[in-house]
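**Q** Sequence first, then the predicted structure, then my questions.
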Amino acid sequence: MNHTYDVIITGARAAGASLAVLLGKMGKRVLLIDKAAFPSDTLSTHFMSHTRFLEELGILHKLEETGLRKVSRMRTYIGQSFMEGPRADYTIIPKRDVLDPLLIEQAEGLNSVTFMPRTSARGLIREDGRVTGLHLETEGKTWEAYAAWVAGADGKNSNIAAWTGAEKYRETKPLRPVLYGYYTGVEPLSEPVTEIFLHEGRIGFVFPMEENRDCLGIEIHPGEFADMMKAPQETFEQTFNQFYGMKKRMEGAVLQGKIIGTPGMPNFFRNAYGEGWVLLGDAGHSKDPSTGLGINDAFLQSFLLADAFQQMDEGVDWETSLDRFQSRRDEQLLPGFQLTLDYIQSLRKWTDNEMALFQTIAANPMAWNKLMPHMGRHLKEDTKDFPLFYQSVEGEASSFGFRKD
Ligand SMILES: Cc1cc2nc3c(=O)[nH]c(=O)nc-3n(C[C@H](O)[C@H](O)[C@H](O)COP(=O)(O)OP(=O)(O)OC[C@H]3O[C@@H](n4cnc5c(N)ncnc54)[C@H](O)[C@@H]3O)c2cc1C
């Protein structure tokens, strides 16, 4: 078979476009397709707590030049109180109609990458059981493209996964609906801070994107979604006004566009490969967005997959290379998956007694003086059924000088 491409990548956002950059740099002939036209938005907020991958992909400085704020602090509100601290790394919050086109532009700048927007994958071409290409449709015209590998970076409802029959595992149904929107005119804090509100078992968030533009969102209880979507803006703002300080800070706020809602994201891993095909990004692994990991996890998968292609070039057989890709993916993404599920499944409305005591302690420096030296030990003891959580806290604390005894 004469392959026109080394790899056809379906889906040109976080996963697909980043893979195209990495494979293009290796000199691979890549066809990158997406049914969307760009720039275009997609269903996603875009909190990015690690910038390492953006730097390695060569787009960090370009993104930052678009006026994004560097957010290096996080604040968690409970009732009328809050705790705030610095993060180990700064966060940027680029809208997807900025991030994804920059990635595509980076890929298109490489000689061996061809990008085709408005192009849908319609079905697999198979020869002797192996996937060897795709039936495609571009603006009403159907055509075929052939490749050694077909990569599905086509999101959580992946067509490539459906056509190859890639099985799911560790599956948990969607847990929480999410509503979000973009606002100008929210009264800012003195410096940009990611704000999280744990309120009545819901999670509210303010992501400071650029000067005078914020992404506001809430993860709500499943039973609230249908009613809230009947009057999304009104109910969204009513809920936000209950969060400490937000009623006043929202007085001059103006919604840009509309409130976007989803009943929730599925949680799963999928088998990642077979003869002639491979999955990455949300197509291979999806989870609740409350921990804001999906885009970074998509990048991580691209880097791991590029390594697997490198191994194949060096003579390792495809099954060993891709099996290693899938094991490394699961090993590195499972902790974040488990932490995310635990966060959402254990989040609840606080009892009146818990709230009253917390509010009193929050406002009492003598109480903090007593509690402060024991916080780590308390947290460790109270999460002993889920040691991963405390390990992740110690992991971040090591950036601030924490050393195990
Ligand atoms: C409400 C919400 C909030 C989120 N917030 C965050 C956050 O703050 N931080 C974070 O890191 N992650 C967040 N995520 C997760 C993040 O959006 C995803 O993990 C990420 O978009 C996955 O990227 P991807 O490239 O794998 O897939 P996608 O972004 O879903 O892209 C898939 C692409 O494939 C294309 N496609 C699909 N089928 C075909 C076909 N047949 N032919 C051609 N093209 C096709 C689509 O047009 C699309 O462009 C959030 C998700 C949601 C739903």
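**A** Now that the structure is in, tell me what you want to look at.

**Q** In three-state terms, label the residue in the stretch 51-200 of the chain that the ligand sits nearest to for me.
**A** The ligand sits closest to residue 155 of the stretch 51-200 of the chain, with a gap of 2.9 Å, by C-beta to the nearest ligand atom. (C-beta placed from N, C-alpha, C; glycine too.) For residue 155, the assignment made with DSSP: H, G, I helix; E, B strand; the rest coil gives coil.

**Q** In space, what's closest to the residue nearest the centre of the chain - neighbours in sequence excluded?
**A** Centroid check for the chain by C-alpha atoms, centre = their mean gives residue 294 as the closest residue, at 2.1 Å. Distance criterion C-beta to C-beta, 6 or more residues apart in numbering; nearest residue to residue 294, sequence neighbours excluded, is residue 282 at 6.5 Å.

**Q** For the one you found, the count of nearby residues, please.
**A** Per other C-beta atoms under 10 Å, the neighbour tally for residue 282 reads 28.

**Q** Spatially, which residue comes closest to residue 397, not counting chain neighbours?
**A** Nearest to residue 397 is residue 376, by C-beta to C-beta, 6+ apart, at 8.0 Å.

**Q** Could you verify that that neighbour is part of a helix?
**A** Yes: residue state for residue 376 (three-state DSSP) corresponds to a helix.

**Q** Tell me the confidence at it?
**A** For residue 376, the pLDDT comes out at 95.

**Q** Would you quantify the distance from it to residue 75?
**A** As for residue 376, its distance to residue 75 is 20 Å (criterion: C-beta to C-beta, to the nearest Å).

**Q** Can you pull the residues of the stretch 301-405 of the chain lying near the ligand?
**A** Within the stretch 301-405 of the chain, no position is near the ligand by C-beta under 6 Å from any ligand atom.

**Q** For the ligand, give me its nearest residue in the stretch 301-405 of the chain.
**A** For the stretch 301-405 of the chain, C-beta to the nearest ligand atom, closest residue to the ligand: residue 301, 8.1 Å.

**Q** Quickly find the element holding that residue.
**A** helix 294-313 (DSSP states H and E).

**Q** pLDDT averaged over that helix - what is it?
**A** 98.

**Q** now stretch 200-208
**A** Here the average pLDDT along stretch 200-208 is 97.

**Q** again, but for stretch 141-153
**A** The model assigns stretch 141-153 a mean pLDDT of 97.

**Q** That one and the ligand in contact?
**A** Yes: using C-beta under 6 Å from any ligand atom, stretch 141-153 reaches the ligand at residue 153.

**Q** Can you give the distance of the helix or strand hosting residue 360 from its chain's centre?
**A** Per DSSP H and E, residue 360 falls inside helix 352-362. For helix 352-362, the distance from its own C-alpha centre to the chain's C-alpha centre is 33 Å (C-alpha atoms, centre = their mean, to the nearest Å).

**Q** From the contact counts, what lies against it?
**A** strand 71-78, strand 81-91, helix 365-371 (3 or more C-beta pairs under 8 Å, 6 or more residues apart in numbering; DSSP states H and E).

**Q** now the angle from the longest one to strand 71-78?
**A** With axes from the mean of the first three to the mean of the last three C-alpha atoms, to 10 degrees as the basis, strand 81-91 and strand 71-78 are set at 150 degrees to each other.

**Q** buried set for strand 81-91?
**A** 82, 87, 90, 91 (16 or more other C-beta atoms under 10 Å).

**Q** mind listing what the first one touches?
**A** Applying C-beta atoms under 8 Å, 6 or more residues apart in numbering, we find residue 82 in contact with 75, 76, 244.

**Q** For the nearest residue to residue 20 once chain neighbours are set aside, pull up the helix or strand it's in.
**A** Ranked by C-beta to C-beta, 6+ apart and with sequence neighbours excluded, the top spatial neighbour of residue 20 is residue 107, at 3.8 Å. Assessed by DSSP H and E, residue 107 sits inside helix 96-108.
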